[in-house]
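> A structural model of the following input is requested.
(one chain, ligands or ions: 3)
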Amino acid sequence: MRIGILCSGGDAPGMNPVIRSVVRSASSLGHEVVGIRRGFRGLIAGDFMNLSSRDVGGILDRGGTIILSSREERFKSLEFRETAYRNIERAGIEAMIVLGGEGTFKGAQIIAEESGLPVIGVPCTIDNDIGCTEYCIGYDTALRNAVDAIDKIRDTASSHERIFVVEVMGRNRGFIAVEAGLATGAELILVPEEKFPKERIPEEIIKAKEMGKLHFIIVMAEGYGKAEELKQFLFESVGNRYGEIRATVLGHLQRGGSPTHTDRIMGMKFGEVAVEALLSGERKGFVAYKRGKFYIEDFQRAGEPKEIDWEALRLSRRLNL
Ligand SMILES: Nc1ncnc2c1ncn2[C@@H]1O[C@H](COP(=O)(O)OP(=O)(O)OP(=O)(O)O)[C@@H](O)[C@H]1O
Ligand SMILES: O=P(O)(O)OC[C@H]1O[C@](O)(CO)[C@@H](O)[C@@H]1O
Ligand SMILES: [Mg+2]
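Ligands and ions are numbered 1, 2, ... in the order given. Sure thing, here's the model as predicted:
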């Protein structure tokens, strides 16, 4: 079988271990892998490259993706998808493995349904927001990056007795904010899922400062609000009386760097399962991970809501004395 592989949406550290695993698992069973460069954009352009086991050497520890990624609006239009299907046929691609988030899986599902090609998705997004799977590649590394950065911010926040608003990624979800916030002992975690009233934040700051805390660190998911705007609101509410206020947006540094051992190992496992699923005749769906087991789930279910760790949020508040 000739298998096409692509990465789409925001890159995720751990995509390279998935690619390596797909290429070598397929190769060990006598099958070929073709890399599609720049995700769906490369499908439309017909930008393909053969990937041998040697081509994927030395990439386990590399962040990003060697076959590149993109967000490609044109893939939502049938006209461009038809061009993609002609390119797939011309290149002799008989099945596909698609790495990305929930948006990417919509594209993957459409390919499977319109072209009849077998397509398997591998959940790769630092947002960790794909329904039905307990794990998404990239999330662990993004957490490591966020925790590392917030620890550093805490040092300077304490020295200057400041209030910090730290904005972390998670387009519509608070997964990174909750876990990075608990792990760094943030004084307040703000997530879009909870709608914590911003009018209550000044009292929280006053309470903490009266308890003798040097700093007050707010870890806020980007889906809750903008760091600069919250900083401005706090300044208008309490001024500098409880410490100067600063805002930091961690941004794309969360998405880079060498994948953690968890993202590497999970990436390799997800990749092998994707190849075996295609070889055993699966036609469409994504590899999901639940209670220690991998299985193929319907693409449709990727959009189902997945709960943040509410227990972690509760615990962070209890321990904030
Ligand atoms: N309804 C759709 N039909 C066809 N293609 C789609 C559709 N939705 C998304 N896509 C494709 O998937 C790409 C990636 O989607 P999106 O930007 O939502 O990222 P994602 O895969 O969710 O990853 P992340 O959120 O981690 O960045 C889009 O740019 C587009 O090419
Ligand atoms: O890299 P871009 O296109 O600016 O997208 C940023 C978005 O992508 C993500 O990093 C997910 O990949 C979100 O957390 C964030 O909202
Ligand atoms: Mg997404």
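
> which ones are touching residue 285?
120-121, 277, 296-299 (C-beta atoms under 8 Å, 6 or more residues apart in numbering). Backbone N, C-alpha and C define where each C-beta goes, glycine included.

> let's see that with 6 Å instead.
Applying C-beta atoms under 6 Å, 6 or more residues apart in numbering, we find residue 285 in contact with 296-299.

> does the helix or strand harbouring it reach ligand 1?
Following DSSP states H and E, one finds residue 285 within strand 284-290. No - for strand 284-290, no contact with ligand 1 is found by C-beta under 6 Å from any ligand atom; the gap never falls below 11.3 Å.

> now find how far off-centre that strand is within its chain.
16 Å (C-alpha atoms, centre = their mean, to the nearest Å).

> ok, stretch 218-227 next?
For stretch 218-227, the distance to the chain centre is 17 Å (C-alpha atoms, centre = their mean).

> ends of it, how far apart?
Terminal residues of stretch 218-227 lie 10 Å apart, using C-alpha to C-alpha, to the nearest Å.

> which one is the residue in the stretch 101-250 of the chain that ligand 1 sits nearest to nearest to, not counting chain neighbours?
Using C-beta to the nearest ligand atom, the single residue of the stretch 101-250 of the chain nearest to ligand 1 is residue 103, 2.0 Å away. Counting by C-beta to C-beta, 6 or more residues apart in numbering, the nearest residue to residue 103 once its immediate chain neighbours are dropped is residue 9, at 5.5 Å.

> now do the SS call for the one you found.
coil (DSSP: H, G, I helix; E, B strand; the rest coil).

> specify the local secondary structure of residue 22.
helix.

> neighbouring strands for the strand holding residue 285, and are they parallel or not?
strand 119-123 (parallel), strand 293-297 (antiparallel) (DSSP bridges).

> give the rounded mean pLDDT of the first one.
Yep, that's strand 119-123 we're talking about. Averaging pLDDT along strand 119-123 yields 99.

> okay but residue 128 is in contact with residue 174, surely?
No - judged on C-beta atoms under 6 Å, residue 128 makes no contact with residue 174 at a distance of 10.0 Å.

> near ligand 1, which residues of the protein? Just list them.
Applying C-beta under 6 Å from any ligand atom, one finds that the chain approaches ligand 1 through 8-10, 40, 71-72, 75-76, 100-104, 106-107, 110, 125, 127, 171.

> hmm, back to that, for the strands paired with strand 284-290, which one sits closest to ligand 2?
Using C-beta to the nearest ligand atom, the strands paired with strand 284-290 put strand 119-123 closest to ligand 2, at 12.1 Å.

> please export the C-alpha coordinates of the closest one as PDB.
This file holds the C-alpha atoms of strand 119-123, laid out as PDB (Å, rounded to 0.1, in the frame of the first residue of the first chain):
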ATOM      1  CA  VAL A 119      -8.200   8.100   6.000                       C
ATOM      2  CA  ILE A 120      -7.000   7.700   9.600                       C
ATOM      3  CA  GLY A 121      -6.400  10.800  11.800                       C
ATOM      4  CA  VAL A 122      -3.800  11.100  14.600                       C
ATOM      5  CA  PRO A 123      -4.700  13.700  17.300                       C
END
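
> which residue ranges of this structure form strands?
2-7, 32-36, 48-51, 95-100, 119-123, 163-168, 188-190, 216-221, 245-249, 284-290, 293-297 (DSSP state E).

> helices and strands around the third one, which ones?
Same thing as strand 48-51. Counting contacts by 3 or more C-beta pairs under 6 Å, 6 or more residues apart in numbering; DSSP states H and E, strand 48-51 packs against strand 32-36.

> what parts of this protein come near ligand 2?
9-10, 71, 125-127, 169-171, 222, 255.
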